[in-house]
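Peer 1: I'll drop the sequence and a predicted model, then ask my questions.
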Amino acid sequence: MADSTPVALVTGSATGVGRACAIRLAEHGFDVVINYSQSEAEAQETARFVADVGRRSLVIACDVSDDAAVNRMITQIEATWGRLDVLVNNAGCTYFVEHRELDALTEPMWDRILSVNLKGPFFVTRAAVPLLRKSAQASVVNVSSVAGMGGLGSSIAYCASKGGLNTMTRSLARALAPAIRVNAVCPGPIDTRWLRGWKTDDQIERLTADYPIPRASQPDDIAAAVCYLACQTQMTTGQCLVIDGGRTM
């Protein structure tokens, strides 16, 4: 049954930035839908963290690139809580391919990256719009990347997908205004399992050594910005907020 407690959906919230966002939003009084595609045990762990701060959670397995599955997820949210106030499109994927190695970036890699990183946020947002329109303070926050601005990142396809997500953020902000605000955060390097699968400690330290704030972000640094855009500002829409320690300044 619907009640007065706001509800947030965070895609890809079993680990990393998604988990940090789920916990932050719970601390801000939201019940949280925890979405995952493969990491069920870690998603359940996120749910326990949400419970530790006194909020309820709903754990749903869904590959955001599957439009039919996305619609089923939103239907389940409506049946359970009858509302949705905040959507955080965090689910993402990449392959680590040197940019000069053009032949190594295969068509299946392109298809998977674009399906999850670009089509996925569109599918989830489109499915969520009817519920979001019922909220007095509806908001969508897309987790993008500075890779979509400067063209440096894990692969050319990843950079292209995040560039597309930045543009789509602005398009959706116009299309859904004034009822639903749509923004993005664009992190630089984040100290997560994902980054550490690509870079060693020494490489991360060298990468960030000349930043004005010389370190990689922690997931909670990004979650703080997501929560700001989601529920702590009411006159911000169509923005891509860079959180990178000054790297792109």
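Peer 2: It's in. Numbering: from 1, shown residues only.
Peer 1: could you show me where the strands are in this structure, in order?
Peer 2: Using DSSP state E, the strands of the chain run over residues 7-10, 31-36, 57-61, 86-89, 138-143, 180-187, 240-243.
Peer 1: Now tabulate the ones you listed in CSV and tack on mean pLDDT.
Peer 2: Shown next, in CSV, are those (pLDDT from 0 to 100):
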stretch, mean pLDDT
strand 7-10, 98
strand 31-36, 98
strand 57-61, 98
strand 86-89, 98
strand 138-143, 98
strand 180-187, 98
strand 240-243, 98
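Peer 1: So residue 133 sits against residue 178, correct?
Peer 2: No - applying CB atoms under 8 Å, one finds residue 133 not in contact with residue 178, separated by 11.0 Å. Using the backbone N, CA and C atoms, a C-beta is placed for each residue, glycine as well.
Peer 1: Settle it for me: which of those two has more neighbours?
Peer 2: Per other CB atoms under 10 Å, whichever of residue 133 and residue 178 has more neighbours is residue 133, with 12 against 6.
Peer 1: Could I have the CA atoms of the helix ranked longest in the chain written out in CSV?
Peer 2: What stands out as the longest helix in the chain, according to DSSP state H, is helix 156-176. Presented in CSV, the C-alpha positions along helix 156-176 are these (Å, rounded to 0.1, in the frame of the first residue of the first chain):
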residue,chain,number,x,y,z
ILE,A,156,36.1,4.3,-26.8
ALA,A,157,32.6,2.7,-26.6
TYR,A,158,32.4,3.5,-22.9
CYS,A,159,33.3,7.1,-23.5
ALA,A,160,30.7,7.3,-26.4
SER,A,161,28.0,5.8,-24.2
LYS,A,162,28.6,8.3,-21.4
GLY,A,163,28.7,11.2,-23.9
GLY,A,164,25.3,10.0,-25.2
LEU,A,165,24.0,9.8,-21.6
ASN,A,166,25.0,13.4,-21.0
THR,A,167,23.1,14.5,-24.1
MET,A,168,20.1,12.3,-23.2
THR,A,169,20.1,13.8,-19.7
ARG,A,170,19.5,17.3,-21.2
SER,A,171,16.9,16.0,-23.7
LEU,A,172,14.9,14.3,-21.0
ALA,A,173,15.2,17.3,-18.7
ARG,A,174,13.4,19.3,-21.4
ALA,A,175,10.9,16.5,-22.3
LEU,A,176,9.8,15.8,-18.7
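Peer 1: Using JSON lines, please lay out the strands of the chain together with distance to residue 112.
Peer 2: Shown next, in JSON lines, are those (distance: least, CB to CB, whole Å):
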{"stretch": "strand 7-10", "distance to residue 112": "21"}
{"stretch": "strand 31-36", "distance to residue 112": "17"}
{"stretch": "strand 57-61", "distance to residue 112": "18"}
{"stretch": "strand 86-89", "distance to residue 112": "17"}
{"stretch": "strand 138-143", "distance to residue 112": "17"}
{"stretch": "strand 180-187", "distance to residue 112": "21"}
{"stretch": "strand 240-243", "distance to residue 112": "24"}
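Peer 1: tell me the contacts of residue 214?
Peer 2: The contact partners of residue 214, taken as CB atoms under 8 Å, 6 or more residues apart in numbering, are 208, 245.
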